[in-house]
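# Structure here, sequence nowhere to be found:
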């Protein structure tokens, strides 16, 4: 959750203004942390499973999503016709060259493997069981210094903990199954998610599990120093290092998917990667996708849940939405009653600057956090609309954008807009 006032000091000499895709040699550190900014490929050091106690909320959750998707199917068809006629989005291709065609700019930074075609494309309304694994990745060359190291007295390697949720064999609608076999129909697009400041990834389970059950490998990151259990307490200035954490997770999960001995072998389609985040996690995903400081990997779609360009610590050191640059499609959500922690003006700022294709969903009367963490009409709409968005840009399913538009238009708690009015 984003605090109203933060007074921690931080150095701003993090990185030189090299162009996107450059080899990052410049270094710098946050005050008292000693973490160099450039991303370095990590290695897997811990493999464990998650124990989950179930309840019927998982079953109800999947049933609600399936009913909503059926209800909007007819409207989606009509909207598809309208979208084609007005040609809102001229880009209709797929593959590595699509980004330049979409914006007229140069291709985004490379760093992902060649496209991998799935064995079969699961139906849009298919719902699978969910498997779960925990990974902890070590980031070589990066350290946490006291008092922010685990024991508070000695430097320690920077590590990123990740909860991986993925389509699995088993009974759909049940709680995530630790270590369950990967479902057929892969490899699956990867969506990396960053939580808000001082928030656990488990808070967002309803949305994360909806994504996983609808055909995405979801990597929910516990950032080293901004999580509730961070050594010495959550330290918000470390947000400036989090885009590199996200990139490392992508690189390591894609690598693991290529390892025959891994339970995730063949699960991840490294050519179709989306990033998402809420609050400070949204700030992180926004920088990774659109700021010249932090575009360490190529991103195919971005979902921002009440995020911003970061207004503290001098902000990220690069430039957001540089002219002519190829950037990923954007879907942003904003609560109209979020007037303190992430006011609608923050979302309006980056949404106005973003090029097409972009979509803004205003959640009428929603606050900063609960719309994304509570199983209610807000969360159901966010899950459904984001699944449709990711279906279009990562699975390339025809009609998905129309389904997203229809779902929002049919909702009593949301609207598509170009800016959100505070309530």
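Alright, I've got the coordinates. Since the model is a prediction, treat every value here as computed from it, not as a measurement.
# Which strand residues bridge residue 331?
Beta bridges link residue 331 to residue 303, residue 359, judged by DSSP bridges.
# SS state for the residue positioned nearest the centre of the chain?
The centroid of the chain falls nearest to residue 276 when counting by CA atoms, centre = their mean (1.7 Å). At residue 276 the chain is in strand, as set by DSSP: H, G, I helix; E, B strand; the rest coil.
# same for the strand or helix carrying residue 138, what does it pack against?
Here residue 138, judged by DSSP states H and E, is contained in strand 129-144. If you count contacts as 3 or more CB pairs under 8 Å, 6 or more residues apart in numbering; DSSP states H and E, strand 129-144 packs onto strand 43-48, strand 156-168, strand 177-178, helix 205-213, helix 242-257. (Each C-beta comes from the backbone N, C-alpha and C, glycine too.)
# Which parts of this structure are helices?
For the chain, applying DSSP state H gives helices covering 57-71, 73-86, 98-103, 205-213, 242-257, 280-290, 344-353, 370-373, 377-390, 400-410.
# Those: lowest mean pLDDT?
Ranked by mean pLDDT, these end with helix 98-103 in last place, scoring a mean of 28.
# Settle this for me: residue 414 is touching residue 381, isn't it.
Yes. Contact criterion CB atoms under 8 Å: residue 414 and residue 381 qualify, at 5.2 Å.
# Next, show the common contact partners of the two.
361, 363, 408 (CB atoms under 8 Å, 6 or more residues apart in numbering).
# Distance to residue 233 and neighbour count for those residues - can I get that in a markdown table?
As requested, the shared contacts of residue 414 and residue 381 are exported to a markdown table (distance: CB to CB, whole Å; neighbours: other CB atoms under 10 Å):
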| residue | distance to residue 233 | neighbour count |
| --- | --- | --- |
| 361 | 34 | 23 |
| 363 | 30 | 27 |
| 408 | 39 | 22 |
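# so where is the stretch 1-150 of the chain shaky, pLDDT-wise?
Flagging of the stretch 1-150 of the chain using pLDDT under 70 yields the residue ranges 1-125.
# what about the residue lying closest to residue 279 once chain neighbours are set aside, how many neighbours?
If you skip the residues right next to it in sequence, residue 279 has residue 196 as its closest partner in space, 3.1 Å away by CB to CB, 6 or more residues apart in numbering. By other CB atoms under 10 Å, the residues close to residue 196 number 28.
# cool, residue 204 as well?
With other CB under 10 Å as criterion, residue 204 counts 26.
# List the contacts of it.
193, 195, 220, 278, 372, 373.
# Buried subset of these as a PyMOL selection?
Buried subset of the contacts of residue 204, written as a PyMOL selection, criterion 16 or more other CB atoms under 10 Å:
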select buried, resi 193+195+220+278+372+373
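# Considering the contacts of residue 204, which is situated nearest to residue 129?
residue 220 (17.7 Å; CB to CB).
# what about that closest one, distance to residue 284?
Separation of residue 220 from residue 284 (CB to CB, to the nearest Å): 13 Å.
# Same check on residue 165?
19 Å.
# Between the two, tell me which one has more neighbours.
Neighbour count, other CB under 10 Å: between residue 165 and residue 284, residue 284 has more, with 34 against 26.
# gap between that one and residue 168?
27 Å.
# and if you look at residue 364?
35 Å.
# out of the two, which sits in the busier spot?
Ranked by neighbour count (other CB under 10 Å), residue 364 and residue 168 place residue 168 first, with 25 against 16.
# Who's the closest spatial neighbour of that one, skipping the chain neighbours?
With CB to CB, 6+ apart as the criterion, residue 168 has its nearest non-adjacent residue at 3.2 Å, and that residue is residue 131.
# Kindly report the same for residue 417.
Residue 417's closest residue in space is residue 362 (CB to CB, 6+ apart), at 5.0 Å.
# Hmm, residue 212 and residue 127 touching each other?
No. Under the criterion of CB under 8 Å, residue 127 is not in contact with residue 212, lying 10.2 Å apart.
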